[in-house]
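> Sequence and predicted model, in that order:
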Amino acid sequence: MTAAYREYTFKYWMDTHRSEEIFFVLQVQKVMPKTFVAFGSCRYVEEGERLPRSHIIADCKSEADALALRDRFFAIRVDTGKTIEKEMYRRVDKFAARAEGKTRRR
């Protein structure tokens, strides 16, 4: 029964993405009141695409500083994801045990 419930659980959403896909580093070309345009492109951003300014996490003096910040955020993600996953499986196991007990009583 526990194995059946575990099949319905899911990993934390960032587990399947690389840091470059989640936190991309771009150099700003033009800033407007609510949006900005960045140089270059990446998987999720086209050349010349206007992006909301709310998507900016930080501004850095150099690309190396931005990459270091991205790596720190990603490391936090790994630790937090492991904690969430452990708690999720603990709860699933507890629920499965209760459900199995109800089934046996019937």
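Good, I have the coordinates. Numbers count the residues shown, from 1 in each chain.

> and the longest helix belonging to the chain, what does it pack onto?
Across the chain, the helix with the greatest residue count (assigned by DSSP state H) is helix 63-105. Applying 3 or more Cβ pairs under 8 Å, 6 or more residues apart in numbering; DSSP states H and E, we find helix 63-105 packed against helix 2-7, helix 19-22. For the C-beta atoms, the positions are set from N, CA and C on the backbone; glycine is no exception.

> among the ones you listed, where is the model least confident on average?
The weakest mean pLDDT among the helices and strands packed on helix 63-105 belongs to helix 2-7, with a mean of 57.

> Just to be sure, Leu51 is in a strand?
Yes: going by DSSP: H, G, I helix; E, B strand; the rest coil, the assignment for Leu51 places it inside a strand.

> tally of neighbours for it?
Neighbour count for Leu51, taken as other Cβ atoms under 10 Å: 15.

> Over to Ala99?
Ala99: 14 neighbours (other Cβ under 10 Å).

> quick one: it from Val25, how far?
Relative to Val25, Ala99 is positioned 47 Å away (criterion: Cβ to Cβ, to the nearest Å).

> Helix or strand with the lowest mean pLDDT in the protein?
helix 2-7 (a mean of 57; mean pLDDT, DSSP states H and E).

> And Lys11, what's its pLDDT?
pLDDT at Lys11 comes out at 54.

> now Thr35
Thr35 is assigned a pLDDT of 91 by the prediction.
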